[in-house]
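Chemist: Just to be clear, the model below is a prediction. Sequence and coordinates:
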Amino acid sequence: MNILILGSGGREHSLAWAVKQNPKCDRLIVAPGNAGIAEIAECAQIDILDGQAVATFAEENAVDFVIIGPEAPLAAGVADVLRDAGLSVFGPSAAAAQLEASKSFTKAICDAASAPTAAYAHFTHADDASDYVKTQGAPIVIKADGLAAGKGVVVAMTEAEALAAIEDMFDGSFGDAGAEVVIEEFMTGEEASFFVLSDGETLLPIGTAQDHKRVGEGDTGPNTGGMGAYSPAPIMTEAVITKTMEQIVRPTMAAMAARGTPFEGVLFVGLMIEDGQPRLVEYNVRFGDPECQCLMMRLGGQVLDLLQACAEKRLSEMQVNWADDHALTVVLAANGYPGSYEKGSVISGLNNLPDDSHHMTFHAGTSTDAQAIIATGGRVLAATGRGDTLAQAHARAYAQVDQIDWPQGFCRRDIGWRALPVSSG
Ligand code: AMP
Ligand code: GLY
């Protein structure tokens, strides 16, 4: 099979790494890819937001299966264009991608599905939003309605912070995403991510993870796209998984089908869990980054069969072959991230890293300049370890971090702290 993966991050590197282990994979192309991906696949420079350009490329290259990694092409309807062109595609339609692209859409679906989530109100004018905050008080959560690359959410601990966030969002600092805001009740508890494949009819859970969203150690500082993750998430017990499926995922999928927009792809269910009760924080319509790096390390080559069965509506025939293992990934980011950061610094020490089924440093934001690997993004590498225990996965991930020589980058040293038996630093 010839396979095309769209995207250029650590998520797509890990997808490519797993897919490539499946003997069915003959030719693997990633567009646009990055320096790490180029070591294991062909990279193609196409505009992945242009469905027609992707369809033409796929036809010219006899591509049998397209996997769409990030949310932007999904929200732009690239999956729809490819399906209309007769291609086999993993990824939801633009209509179903609204579950990530619009927070108010998701809230309305949760209402229709009676899925437990934070109480909310939706505003299109700053004054009304500010008045609402004054009646509710803090803490309170302010969200730009559209896609904002993980940066459109402000968890305001004071009323002043909430009012400032509203002002920012209506001032255009989040672009079009801020023309509407959703204001939510602040939920307490422990967060976890849950990943479920859906072919529009059958649902198949494919793993749990916990992400570290804050930039600083001890989960402090501004939100980021994710500074590290581990899988499985101990808080996702069988009982919590069952409740999540029955109270949140199944009714949401039924509501999506009932409105004529069935969801086909991977649903990323962001949860807040308190006293054994899950509540929905958000949906995403693609794998999490860096959660995906952990999931791919654990699932390996079977991922291709699972994603293909999902695209062909054969999920009812599939099961996941689980190993009793753990994975942990540590993100190395450019100094300054999630604020402004420099691009172009040279990363050394990558050549002698182990790369096997227990160790893999995935590239997230790199390219090649002369012979050197240079940093081109905020999140740049994801050092990932797998082992029989979380402690072993942790040791293997940080052993890679310690071999990487990149003074212009940093990482958190405490990834996994909540789940590790003792703080290993
Ligand atoms: P989101 O982009 O919706 O995932 O939000 C980013 C992060 O903000 C989440 O992972 C949570 O840590 C936090 N967050 C979002 N909504 C809430 C809420 N209603 N209560 C508490 N924390 C929240
Ligand atoms: N790590 C969170 C996300 O991918 O949105």
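Modeler: Everything's here; your move. Residues are numbered from 1 along each chain as shown. Ligands and ions are numbered 1, 2, ... in the order given.
Chemist: isn't K20 right up against A41?
Modeler: Yes - between K20 and A41 a contact is recorded at 7.0 Å, counting by CB atoms under 8 Å. (Glycine included, C-beta is placed from N, CA and C.)
Chemist: the more surrounded of those two?
Modeler: Using other CB atoms under 10 Å, the more surrounded residue of K20 and A41 is A41, with 24 against 15.
Chemist: got a list of what the closest residue to the more buried one other than its chain neighbours touches?
Modeler: In space, and not counting its chain neighbours, A41 is closest to L28: 4.2 Å by CB to CB, 6 or more residues apart in numbering. Taking CB atoms under 8 Å, 6 or more residues apart in numbering, we find L28 in contact with N2, I3, I5, A16, V19, K20, I40, A41, E42.
Chemist: Surely A257 is in a strand?
Modeler: No - A257 is assigned helix when assessed by DSSP: H, G, I helix; E, B strand; the rest coil, not a strand.
Chemist: The closest residue in space to it that isn't next to it in sequence: neighbour count?
Modeler: Spatial nearest neighbour of A257, chain neighbours left out: G200 (6.7 Å); criterion: CB to CB, 6+ apart. Residues contacting G200 under the criterion other CB under 10 Å number 18.
Chemist: got the contact list for G200?
Modeler: Applying CB under 8 Å, 6+ apart, we find G200 in contact with A257, P262, F263, E264, K313.
Chemist: Redo those as CSV? Include neighbour count and pLDDT.
Modeler: Rendered in CSV, the data for the contacts of G200 read as follows (neighbours: other CB atoms under 10 Å; pLDDT from 0 to 100):
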residue, neighbour count, pLDDT
A257, 15, 96
P262, 18, 97
F263, 26, 98
E264, 25, 98
K313, 12, 97
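Chemist: Just give me the closest of those to D414.
Modeler: F263 (34.9 Å; CB to CB).
Chemist: which non-adjacent residue is nearest that closest one?
Modeler: Nearest residue to F263, sequence neighbours excluded (CB to CB, 6+ apart): A96, at 4.4 Å.
Chemist: and the closest residue to ligand 2 within the chain, helix, strand or coil?
Modeler: As assessed by CB to the nearest ligand atom, ligand 2 sits closest to G226 within the chain, at 3.2 Å. Secondary structure, three-state DSSP: G226 is coil.
Chemist: need the contact list for it.
Modeler: G150, D211, H212, K213, G288, D289, P290, E291, V331, R379.
Chemist: circling back to that earlier point, include distance to Q403 and secondary structure when you put the contacts of G200 into a markdown table, please.
Modeler: Formatted as a markdown table, the contacts of G200 follow (distance: CB to CB, whole Å; DSSP: H, G, I helix; E, B strand; the rest coil):
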| residue | distance to Q403 | secondary structure |
| --- | --- | --- |
| A257 | 48 | helix |
| P262 | 46 | coil |
| F263 | 41 | coil |
| E264 | 40 | strand |
| K313 | 44 | coil |
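Chemist: and F287, how many residues sit next to it?
Modeler: Neighbour count for F287, taken as other CB under 10 Å: 27.
Chemist: Who are the contact partners of it?
Modeler: Contact partners of F287, counting by CB under 8 Å, 6+ apart, are R11, L15, G69, F195, V266, F268, L295.
Chemist: Phi first, then psi, for the second one.
Modeler: Geometry field for L15 lists phi and psi as phi -60, psi -50, criterion degrees, to the nearest 10.
Chemist: Could you double-check that it sits in contact with I3?
Modeler: No - using CB under 8 Å, L15 is not in contact with I3, being 9.7 Å away.
Chemist: Neighbour count: the two, which is higher?
Modeler: Ranked by neighbour count (other CB under 10 Å), L15 and I3 place L15 first, with 30 against 27.
Chemist: In contact with that one, which residues?
Modeler: By CB under 8 Å, 6+ apart, the neighbours of L15 are I5, G7, I67, G69, F287, C292, M296, V303.
Chemist: Secondary structure element holding the third one?
Modeler: Just to be clear, that refers to I67. Secondary structure assignment for I67, by DSSP states H and E: strand 65-68.
Chemist: and that strand, what does it pack onto?
Modeler: Packing partners of strand 65-68 (3 or more CB pairs under 8 Å, 6 or more residues apart in numbering; DSSP states H and E): strand 2-7, helix 78-84, strand 89-90, helix 302-311.
Chemist: Among these, which comes closest to V154?
Modeler: strand 2-7 (27.0 Å).
Chemist: got the contact list for that closest one?
Modeler: With CB under 8 Å, 6+ apart, strand 2-7 has contacts from 12, 15-16, 19, 25-31, 41, 44, 48, 54, 57-58, 61-70, 73, 78, 304.
Chemist: Not including adjacent chain positions, what is the nearest residue to M360?
Modeler: T384 (5.1 Å).
Chemist: list the buried ones in the helix or strand harbouring that neighbour?
Modeler: Per DSSP H and E: T384 is located in strand 379-387. Residues of strand 379-387 classed as buried by neighbour count (16 or more other CB atoms under 10 Å): R379, V380, L381, A382, A383, T384, G385, R386, G387.
Chemist: Let me have the residues you listed in JSON lines, extended by distance to ligand 1 and pLDDT.
Modeler: Output for the buried residues of strand 379-387, formatted as JSON lines (distance: CB to the nearest ligand atom, whole Å; pLDDT from 0 to 100):
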{"residue": "R379", "distance to ligand 1": "16", "pLDDT": "97"}
{"residue": "V380", "distance to ligand 1": "21", "pLDDT": "98"}
{"residue": "L381", "distance to ligand 1": "22", "pLDDT": "98"}
{"residue": "A382", "distance to ligand 1": "18", "pLDDT": "98"}
{"residue": "A383", "distance to ligand 1": "22", "pLDDT": "98"}
{"residue": "T384", "distance to ligand 1": "21", "pLDDT": "98"}
{"residue": "G385", "distance to ligand 1": "24", "pLDDT": "98"}
{"residue": "R386", "distance to ligand 1": "24", "pLDDT": "98"}
{"residue": "G387", "distance to ligand 1": "26", "pLDDT": "98"}
